[in-house]
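[1] Got a sequence here, can you model it:
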Amino acid sequence: MKMLQEQIMELLAELQLDRRSYIRLILLLKQQQAMITARKTDAIDEINQRISHIYHQLTQSAQKRISTLKNLCIPPHDEGILFLFSRLPANHHIQAKELWNDIMQRMHECSRLSALNHQILSTRA
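    You can find the predicted model right below:
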């Protein structure tokens, strides 16, 4: 079994990758919106495939994170991960919490953009 410090470092590395995925996803959702508005169906199909791939990656990452948290006997939710971060040394705690907050903001932005794109698409149909 992996040492606690190694599991936490892997978790933080995965969160960095998730952050990058959310950044790419936001850009793709904005492109999707432009293609919906321009009615460029071929481009929309290609963008949708890229979006689906990122969603799949994020789902796998979340499942791995849940498993890691459960292995550490930490509840696999927002409060649980913040509890874990609170146990890190001060400089790591601050960085980890900022990373998590950034991911949460980007996740909400993706949700907002996705809902907006759905709304635009439904009014175009």
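[2] which element is residue 26 on?
    Assigned by DSSP states H and E, residue 26 belongs to helix 4-38.
[3] List the buried residues in that helix.
    By neighbour count with 16 or more other CB atoms under 10 Å, helix 4-38 contains the buried residues 7-8, 11-12, 14-15, 18-19, 21-22, 25-26, 28-29, 31-33, 35-36. All C-beta atoms are positioned from the backbone trio N, CA, C, and that covers glycine.
[4] so after that helix, what's the next helix or strand?
    helix 41-71.
[5] now that following helix against helix 4-38, angle please.
    Relative orientation of helix 41-71 versus helix 4-38 (axes from the mean of the first three to the mean of the last three CA atoms, to 10 degrees): 160 degrees.
[6] tell me what the helix holding residue 26 is packed against?
    In terms of contacts (3 or more CB pairs under 8 Å, 6 or more residues apart in numbering; DSSP states H and E), helix 4-38 is packed against helix 41-71, helix 90-124.
[7] and those helices as TSV, adding mean neighbour count, distance to residue 78 and mean pLDDT?
    Output for the helices and strands packed on helix 4-38, formatted as TSV (neighbours: other CB atoms under 10 Å; distance: least, CB to CB, whole Å; pLDDT from 0 to 100):
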stretch	mean neighbour count	distance to residue 78	mean pLDDT
helix 41-71	14	11	95
helix 90-124	14	8	95
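[8] Which of those helices sits closest to residue 84?
    Of all those, it is helix 41-71 that lies closest to residue 84, at 7.1 Å by CB to CB.
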